[in-house]
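**Student:** everything below, folded, please.
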Amino acid sequence: MSIGEFELIRRYFVRDKITVPGHPSVGTPQVTLGIGDDAALLEVPEGERLVVTTDTLVAGRHFLPNADPGDIAWKALAVNLSDLAAMSATPLAVTLNLTLPEADESWLAAFSTGFWNLADIYELPLVGGDTTRGPLSVTITAMGSVEQRYALRRSTAQIGDVICATGTLGDAGAGLALALYAFKQASLPLASDATAAALADEALLNLSDDHQDYLLDRLNRPSPRINSGVGVRGFASAGMDISDGLLQDLGHLLAASGVGAELEIDNLPLSDALKAYARTSLKAHAQARDWALSAGDDYELLLTIPPDKWQQLDNTPAIKSKLTAIGKVTKTLGLRLTKQGKAWEHEGLAGYQHF
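**Tutor:** Next up is the predicted model:
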């Protein structure tokens, strides 16, 4: 069933004190004027700078055509919040632009539920956007704030810094392999740009249901590392999020900072699910490693921290326990991979390419 544009917005994306009593996104201090006018009015906390980011997710390129609407909404919001986390910013508000082939109410109900499930975690208000008819795509603009002295950049890594990552890497690559396998089994047409991605092998398909569900959830509903991004204020010298693959994203950070790095592949943080897969064979071990290095879509944080600050983090175990040291920044330009301290050559590994 299809509904009109303004009813669509009112029913699924407007929250007020009448329809949602006590909802955290209603009357928040940072929003002095929300949805209903030509633009929103926001208050940035005193002494802080506004941080703005935007991302678009397109059907067939960023998610499969049969993807769950709630997962699409969650991920569209999560990838933007991940950018704020990478800048050490606290989220303030978001806008949503939604292009739909048709205004299907059941699809919209699932989509809005997924959106609010994540937005509510951060008491994040939706303050505007647009809806239009066309091929399915979702564009979110997220706004946050941070004191300028704490704002992380890609261009400020220092020689000798410890390179670390939050969470685990490679999970989304394995999740994509599982999702593509299910898509192929359903005899659905596969987008041309997805055919190069690895389909799930027997060992991956034989993982426990819990492990498979975990990997798919990491693909479909990544967790933006807001708390970690805020937690490393005053410790990290540079940062970005890992969206297009560790090797590619680290390369961007090194180029921006004018430095090089050594990366120890045996230190790559892997989840229990990916470790279980890696233990099945040498081939699976190599595939798990390659996903961690290049698959992307994990939306973890890539940070550089001066050695003395890294040691100071020992006194803040709640933060340090979420970080894994994977390398160090060097004066010699370029990225060198090591295995147990010895040079390790890699070929054919590249991150996600949009064109």
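**Student:** need the pLDDT of the nearest residue to L64 once chain neighbours are set aside.
**Tutor:** Excluding the flanking residues, the one nearest L64 by C-beta to C-beta, 6 or more residues apart in numbering is F183, at 5.5 Å. Every C-beta, even on glycine, is put in place using the N, C-alpha and C of the backbone. Looking at F183, its pLDDT reads 81.
**Student:** confidence score at K342?
**Tutor:** 87.
**Student:** from E262, how far out is it?
**Tutor:** Counting by C-beta to C-beta, to the nearest Å, the gap from K342 to E262 is 11 Å.
**Student:** more crowded one of the two?
**Tutor:** Set K342 next to E262 and count neighbours by other C-beta atoms under 10 Å: E262 wins out with 18 against 6.
**Student:** just checking, the more buried one is part of a strand?
**Tutor:** Yes - per DSSP: H, G, I helix; E, B strand; the rest coil, E262 lies within a strand segment.
**Student:** and the strands in this structure?
**Tutor:** 31-33, 41-42, 49-58, 90-100, 126-133, 137-146, 162-166, 238-242, 260-264, 300-305, 323-330, 334-339, 342-343 (DSSP state E).
**Student:** report the mean per-residue pLDDT for the fifth one.
**Tutor:** Translated: strand 126-133. Average pLDDT, strand 126-133: 90.
**Student:** what packs against that strand?
**Tutor:** Contact here means 3 or more C-beta pairs under 8 Å, 6 or more residues apart in numbering; DSSP states H and E; on that basis strand 126-133 packs against helix 5-13, strand 90-100.
**Student:** looking at these, spot the one closest to S145.
**Tutor:** Proximity to S145 (C-beta to C-beta) singles out strand 90-100 among those, at 5.7 Å.
**Student:** next, the angle from that closest one to strand 126-133.
**Tutor:** Counting by axes from the mean of the first three to the mean of the last three C-alpha atoms, to 10 degrees, strand 90-100 lies at 20 degrees to strand 126-133.
**Student:** what residues sit buried inside strand 90-100?
**Tutor:** For strand 90-100, the neighbour count (16 or more other C-beta atoms under 10 Å) marks 90-100 as buried.
**Student:** tell me how far the most centrally placed residue in the chain lies from A59.
**Tutor:** Centroid check for the chain by C-alpha atoms, centre = their mean gives Y299 as the closest residue, at 2.9 Å. Note on Y299: its distance to A59, by C-beta to C-beta, is 20 Å.
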